[in-house]
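> curious how this folds, go ahead:
(one chain, ligands or ions: 1)
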Amino acid sequence: MAAENKLTWDSLPYQILPWLREALVTRGYENMTPVQASVIPLFSGNKDVVVQAVTGSGKTLAFVIPVLEKLCHFLREESAFKRGHFGSLIICPTKELAFQIEAVINNLVELCPDSDYQLKTQAVLGGVGSVSTDVQNFLKSRAQIIIATPGRALEFLQQSVVKSSSCQVLVLDEADRLLDHDFNSEMSLIAKILPRQKRVGMFSATMSAVIDDVFKLGMTNPVRITVKSDHLSKKLVPSKLKLFYSIVPADEKIGLLFHMLESYQFKRAIVYFPTCVCVSHFYLLLNHLLSCLKKKVEDYEVMKLYSLHGKLQLETRIKTLSRFSGVSECKNVLLSTDVAARGLDIPDVDLVIQLDPPTDPDVFVHRCGRAGRAGKTGTAVVFLTPGLEESYVEFMGLRNVELHHLSHAHYNPQKFEWIDMESRAWLLADRARHEIATKAFVTYIRHYSKHSAASIFRVSALDYWKLAKGFSLFRFPKMPENKFINDFPDGGFIDKSVDFERYSFLGTQKENARLQNINSSSKAMQLNEARLAVNARKEKNLPWSKRSKSNSNESQSSLSSKERKVKERLLLPDDGIQEIQDDWKDLVRANKRRKASEITGVFDEL
Ligand SMILES: Nc1ncnc2c1ncn2[C@@H]1O[C@H](COP(=O)(O)OP(=O)(O)OP(=O)(O)O)[C@@H](O)[C@H]1O
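Sure thing, here's the model as predicted:
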């Protein structure tokens, strides 16, 4: 990092522990960054701090150094923490970030020659093993520094053998995220469990809404420290990070993305998508398009794609991140949800592309901030669709985030028509791909409805035809939003040439199940027809006054009340019981999954 004004470790108003100073220099941190110079003396002393500093400015060391110093001082006086006690709790919103913080600490601690200190860390993470395993490991290792995600941190603290009375420091990394409504209740309970006599540090690049919560966490005399990109500007992003927007119709986004990934010079890029299924769909599709290019162009410069989202196993997520960050001969591109938006420090990410702005404008700053870190240059581009979304530029300007227009003079949409053709052929080859694309489309719309800037991002104003084309859909799914679609086609069929009766799965098991389903549906239809005929005959024999009542009872009774509600919600035309039952089953499954993911943590939604 460029040392502005040479802030050496010796220029601190007190002397940093000699082993730590040496370890820092050995690890390449010759000088302090501005945020470290401002925070360390206060937080190592007796102040609680609320720190807002631009992405990539070195906030991690700004809390890691005080944490290590406090624990070393404690250990020097008390020689050890009692069994079941710990000295510091660092909470962050994602597992990836927890591992990253743990690595930064261990990287320094392993250079500590003084056997008196023996500082140890433990990651305590939701969805990883059980809390009782965490406790067993903790009692065995006697780790003094716990790095945890909020839900598991609370569970851990609630175990009777875990004693929090010796906790000296509480750190909230990405504090604004930890104090928002998703985690607020856990954080309040954690604050009640921890002793009052502790230092608290809150860190983030965005701190819009946390100030009211400061006192809830037991901060007695907090100091607010704000470090902007340079002293004169109010900018919330690093000065070497250039922010751009491009106006792109929804059906041209993938073409333009391809163009940029092909023609831009970069080492590592992160492309953000709104939901896990969107990442899965576009990861598969883009990989296919890349393989097409490799066949067409002989010396095509290979680009490697990676996908990351919260529905992947933790092990896969960690492996993906390490491969994406590792040495590579070619350009590396990570397709991700917001699971990689905050805190991740991946070397040499120099390009960030957002296919859509995030629902929370603060997340925009964090996403962009994966590039242009530690004084390096970076570029971040967001795609906006023409119409209402253009006002996002002004909206962000009011938040001191200045976006510049990026035109793509060398981009010729016609040159990318092959993408539409290849995508179509690829989807037609396997009905499963169309199912994923459909799910991605639905989750996209659900996600779009959650934008906090609701006047800019209106579900009713979306261009559904172009959007569906962007997802390569052959048929609109049944969903309440269909009422917003102009000239909604009969049965939702967009591409009438696709015969859905014959549209098959590549996998034999799925295809057999589909064929069986068709078979049993047609049998059910025959039975139903027979039943209707019997009913019609019965009705003929009924007195006239009772006819209509019995008719309505008949049609209603074949559906359960829940199914009826689903039918109403889906605005279905009266097109068969089987489909309603399928939709109902899907909804029940989705609800179960949602409940399960609520238990494992909100970030699993990403
Ligand atoms: N004193 C220093 N000298 C040189 N490099 C540093 C120094 N402090 C931190 N860095 C490097 O700067 C990069 C960014 O640091 P860090 O991840 O702590 O940023 P951050 O402010 O927490 O960012 P974010 O807001 O995105 O979480 C890291 O690669 C880190 O190694």
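
> so what's the closest residue to the ligand within the stretch 101-250 of the chain up against?
The nearest approach of the stretch 101-250 of the chain to the ligand comes at residue 205, 4.1 Å away (CB to the nearest ligand atom). All C-beta spots, glycine's among them, are computed from the backbone N, C-alpha and C. Residue 205 makes contacts with 52-55, 57, 59, 236, 365-366, 369, as judged by CB atoms under 8 Å, 6 or more residues apart in numbering.

> for it, give me the pLDDT.
pLDDT, residue 205: 94.

> gap between it and residue 260?
25 Å (CB to CB, to the nearest Å).

> checking residue 49 next. Helix, strand or coil?
Under DSSP: H, G, I helix; E, B strand; the rest coil, residue 49 falls in the strand class.

> tally of neighbours for it?
24 (other CB atoms under 10 Å).

> what ranges do the strands span in the stretch 151-300 of the chain?
Ranges of strands within the stretch 151-300 of the chain are 169-173, 199-204, 222-227, 241-247, 268-272, based on DSSP state E, counting those that start in this stretch.

> mind listing residues that contact the longest one?
The reference is to strand 241-247. For strand 241-247, with CB under 8 Å, 6+ apart as the criterion, the contacting residues are 55, 237, 256, 368-369, 371-372, 377-386, 390, 392-393, 401-408.

> domain parsing for the protein?
Following automatic domain parsing, one finds the domains of the chain at 2-226, 241-492, 561-595.

> lowest average pLDDT across those?
Lowest mean pLDDT within the domains of the chain: domain 561-595, at a mean of 41.

> return the residues of this structure in contact with the ligand.
Contacts of the chain with the ligand, taken as CB under 6 Å from any ligand atom, map to 1, 29, 31-33, 36, 53, 55-61, 205, 343, 345, 369, 373-374.

> repeat that for 5 Å
With CB under 5 Å from any ligand atom as the criterion, the chain meets the ligand at residues 1, 29, 33, 55-61, 205, 343, 345, 369, 373-374.

> in helices, which of the residues you listed fall?
Using DSSP state H, 59-61 are the members of the residues of the chain next to the ligand that sit in helices.

> tell me the contacts of residue 43?
Residues in contact with residue 43 (CB under 8 Å, 6+ apart) are 49, 62-63, 66, 199, 201.

> actually residue 262, not the one I wrote
Here residue 262 is in contact with residue 303 (criterion: CB under 8 Å, 6+ apart).

> can I get the buried part of the residues of the chain next to the ligand as one PyMOL selection?
The buried subset of these, as determined by 16 or more other CB atoms under 10 Å, is captured in PyMOL by this line:
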select buried, resi 1+29+33+55+56+57+58+59+60+61+205+343+345+369+373
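
> burial count for the nearest residue to residue 442 once chain neighbours are set aside?
Closest residue in space to residue 442, ignoring its immediate chain neighbours: residue 477 at 5.5 Å, by CB to CB, 6 or more residues apart in numbering. Residue 477 is flanked by 18 other residues according to other CB under 10 Å.

> so residue 477 is in contact with residue 438, correct?
Yes: Residue 477 lies in contact with residue 438 (CB atoms under 8 Å); the separation is 5.0 Å.

> before we move on, back to that, okay if I get the strands of the stretch 151-300 of the chain as JSON lines plus mean neighbour count?
Formatted as JSON lines, these follow (neighbours: other CB atoms under 10 Å):
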{"stretch": "strand 169-173", "mean neighbour count": "26"}
{"stretch": "strand 199-204", "mean neighbour count": "26"}
{"stretch": "strand 222-227", "mean neighbour count": "16"}
{"stretch": "strand 241-247", "mean neighbour count": "20"}
{"stretch": "strand 268-272", "mean neighbour count": "25"}
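
> where's residue 492 relative to the ligand, distance?
42 Å (CB to the nearest ligand atom, to the nearest Å).
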